[in-house]
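Undergrad: dropping the sequence and predicted coords here.
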Amino acid sequence: MNRRYRKTIIAGNWKMNMVPSQVKGFVEELKPMLPKTRTCDVVLCPPYPLLPAAVKAVKGCRVDVGAQNISEFASGAHTGEVSLSMITDLDARYVILGHSERRADNGETDLLVNAKTLAALGAGLRPIVCVGESEQERERGLTMERIAYQVKSALWSVTPDQLKKVVIAYEPIWAIGTGKTATAAQAQEVCQNIRALLRELYGARAARGVSILYGGSMNAKNAAELLSQPDIDGGLIGGASLKPADFAAIIAATAQE
Ligand code: PEP
């Protein structure tokens, strides 16, 4: 983390878990466990039907809400899709884009992730753009090539001013939901390379302002070490964001200097 230049962010990706009636209780349990002084921005990203309850539940506490996806289209004949204005109208502030599960389950391409990133930025939402290599790509030494392609594609035609709102999440696919975490050194190496790429694309000043998160089996035990790395500015948390105490322990790990 480097609080001097950028925000530390801990975002919970609830994926397809929980039901609307559980949201209030979750937030009520989390609230007293949040640090007294703000050490990071906290974001909850529940499934769509839980968003209104989440926005209501976090009112008055320092927690933001985000969606897990949006349509690249503004409105109209797109059955089953959810538009940006539906999300912003609820006061959600973030949206996760290009998660590897959406890339795998829904065939989301890098071009589509770029279209969604531009649409989210245009609507004033902060995109959390996920990038990550597969186990095979890592074994074959293709990690940085893959990540660089994903980052460059996602940010195509994103202006330097818009970049200030972008959050990047490095999520090695082999570490998501598997219990296998990247070592702090592996995660730092990739996040540092992402920042170097941003420097090439946007200049040093812009690059040092971008929050880069790590995601992949981050939990209460490994969070402090991962977050102590200079280019890891927080976490995108799946499984461990579903229990208030586990999520709070990761948030607490951002209090280190
Ligand atoms: C995720 O889905 O973004 C994620 C990081 O999941 P988990 O923490 O469960 O590996």
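TA: Thanks, I have it.

Undergrad: pretty sure Lys165 sits against Pro127.
TA: Yes. In this structure, Lys165 is within contact of Pro127 by CB atoms under 8 Å, at 7.4 Å. (Glycine included, C-beta is placed from N, CA and C.)

Undergrad: identify the contacts common to these two.
TA: Both Lys165 and Pro127 are contacted by Leu121, under the criterion CB atoms under 8 Å, 6 or more residues apart in numbering.

Undergrad: who's more crowded, those two?
TA: Pro127 (28 against 16; other CB atoms under 10 Å).

Undergrad: in three-state terms, how would that one be classified?
TA: strand (DSSP: H, G, I helix; E, B strand; the rest coil).

Undergrad: quickly list what it is bridged to.
TA: Val95 (DSSP bridges).

Undergrad: quick check, pLDDT for it.
TA: The model reports Pro127 with a pLDDT of 98.

Undergrad: distance check, it against Glu29.
TA: According to CB to CB, to the nearest Å, Pro127 stands 29 Å off from Glu29.

Undergrad: Ser75 contacts Val82, doesn't it?
TA: No. Ser75 is beyond contact range of Val82, at 10.6 Å (criterion: CB under 8 Å).

Undergrad: neighbour-wise, which of those two wins?
TA: A count of neighbours by other CB under 10 Å puts Val82 above the other of Ser75 and Val82, at 15 against 11.

Undergrad: with adjacent residues omitted, what lies nearest to the more buried one?
TA: Tyr48 (5.6 Å; CB to CB, 6 or more residues apart in numbering).

Undergrad: just the pLDDT for the one you found.
TA: 97.

Undergrad: that one: neighbour count?
TA: For Tyr48, the neighbour count with other CB under 10 Å is 15.

Undergrad: isn't it up against Ser83?
TA: No. Using CB under 8 Å, Tyr48 is not in contact with Ser83; the gap is 11.0 Å.

Undergrad: please enumerate the shared neighbours of the two.
TA: Residues touching both Tyr48 and Ser83 (CB under 8 Å, 6+ apart): there are none.

Undergrad: would you mind naming what in this protein lies close to the ligand?
TA: Contacts of the chain with the ligand, taken as CB under 6 Å from any ligand atom, map to 13, 171, 176-177, 215-218, 236-240.

Undergrad: tell me which stretches of the stretch 1-150 of the chain form helices.
TA: 20-30, 51-58, 84-88, 100-106, 110-122, 135-139, 143-154 (DSSP state H, counting those that start in this stretch).

Undergrad: how far does the second one sit from the chain's center?
TA: Think helix 51-58. Centroid separation between helix 51-58 and its chain, computed with CA atoms, centre = their mean, to the nearest Å, is 19 Å.

Undergrad: between helix 20-30 and it, find me the angle.
TA: Helix 51-58 runs at 20 degrees relative to helix 20-30, counting by axes from the mean of the first three to the mean of the last three CA atoms, to 10 degrees.

Undergrad: what's the mean pLDDT across helix 51-58?
TA: Averaged across helix 51-58, pLDDT comes to 98.

Undergrad: now the first one
TA: Regarding helix 20-30, the rounded mean pLDDT is 97.

Undergrad: would you mind listing the buried residues in it?
TA: Buried positions in helix 20-30, judged by neighbour count with 16 or more other CB atoms under 10 Å: 23, 26-27, 30.
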